[in-house]
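[1] attaching a predicted model along with its sequence, questions to come.
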Amino acid sequence: MNSTENGNKNATMRWSQVLLIVLATMVLTVAGTYWVFTTYIFVSSFEPVTLSSKEEKTLQQKLRSIGYDFSFSSPSSDRDQDSGDAIGKDGFLKPEAYSEKGAKREISFTEREINALLATNTDLAQKVAIDFADDLVSARLLIPLDADFPVMGGKTLRLNAGLGMAYRNNKPVIVLKGVSIMGVPIPNAWLGGMKNIDLVSEFGVDPGFWQSFSEGVEHIQVVDGKIDIRLKE
């Protein structure tokens, strides 16, 4: 076998190897892209948070302390047990004079409690997830798109938003950190220039929601996994 034949053979082998490498790269790229889209972009649902019995009881007590009667399971039996002193022998609610003495003005919820509460709502279950970090409340939302929607019809839109929340200089500070769709941050101009602006300082001067909100809050603290709010008298 002469050198020309050897050269042709080697060239054929090299081209076959290159072709295999290109095909393998294409397969890996397609597989990786599919994984990224199904895992991060077109996520179908979040995993709902499930509380332990002790956590459920603690959350129920918190909700009832602010006037919201809620039960995860066996609602009638739980309600009868908790409100036994308030119900008379005739089965009717006992009258009671209004008093703020000893009333709690603190509202405190953990990240798990909020997400478990959202999961009990059939419209929100597996579609909304809340995160508490230091001075930051973040929300992830999954919005199913109608089948007739252009391009992404039938898919699930992923939306993320962040809201800075703290208490400084004797007033609450609420700042929109940003909003992103499918992992792409929305320009500040599209948000009406509201990004990184203290909404309380900006709109709390004039009568309205933000002024009332500011005047009714004595303290706000958001830490990793928990939010605490204290109301004024």
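    Everything's here; your move. If you're wondering where the values come from, they're calculated on a predicted model, not measured in any experiment.
[2] can you name every helix or strand that the strand ranked longest in the chain contacts?
    With secondary structure taken from DSSP state E, the chain has its longest strand at strand 156-168. Helices and strands touching strand 156-168, by 3 or more C-beta pairs under 8 Å, 6 or more residues apart in numbering; DSSP states H and E, are strand 136-144, strand 171-181, strand 217-223. For glycine as for every other residue, the C-beta is placed from the backbone atoms N, C-alpha and C.
[3] pipe those into a markdown table and attach mean pLDDT per row.
    Supplementary listing: the helices and strands packed on strand 156-168 in a markdown table, determined by pLDDT from 0 to 100:
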| stretch | mean pLDDT |
| --- | --- |
| strand 136-144 | 86 |
| strand 171-181 | 91 |
| strand 217-223 | 92 |
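[4] how about these, which one is nearest residue 158?
    Residue 158 lies closest, by C-beta to C-beta, to one member of the helices and strands packed on strand 156-168: strand 136-144, at 6.1 Å.
[5] can you tell me what sits against the closest one?
    Strand 136-144 is contacted from outside by 43-46, 126-132, 155-165, 177, 222, 227, using C-beta atoms under 8 Å, 6 or more residues apart in numbering.
[6] now list the buried members of these.
    The neighbour count (16 or more other C-beta atoms under 10 Å) marks 46, 127-132, 155-165, 222, 227 as buried among the contacts of strand 136-144.
[7] OK, contacts around the closest residue to residue 224 other than its chain neighbours?
    With sequence-adjacent residues excluded and distances taken as C-beta to C-beta, 6 or more residues apart in numbering, residue 224 is closest to residue 133, at 5.7 Å. Applying C-beta under 8 Å, 6+ apart to residue 133 gives the contacts 222, 223, 224.
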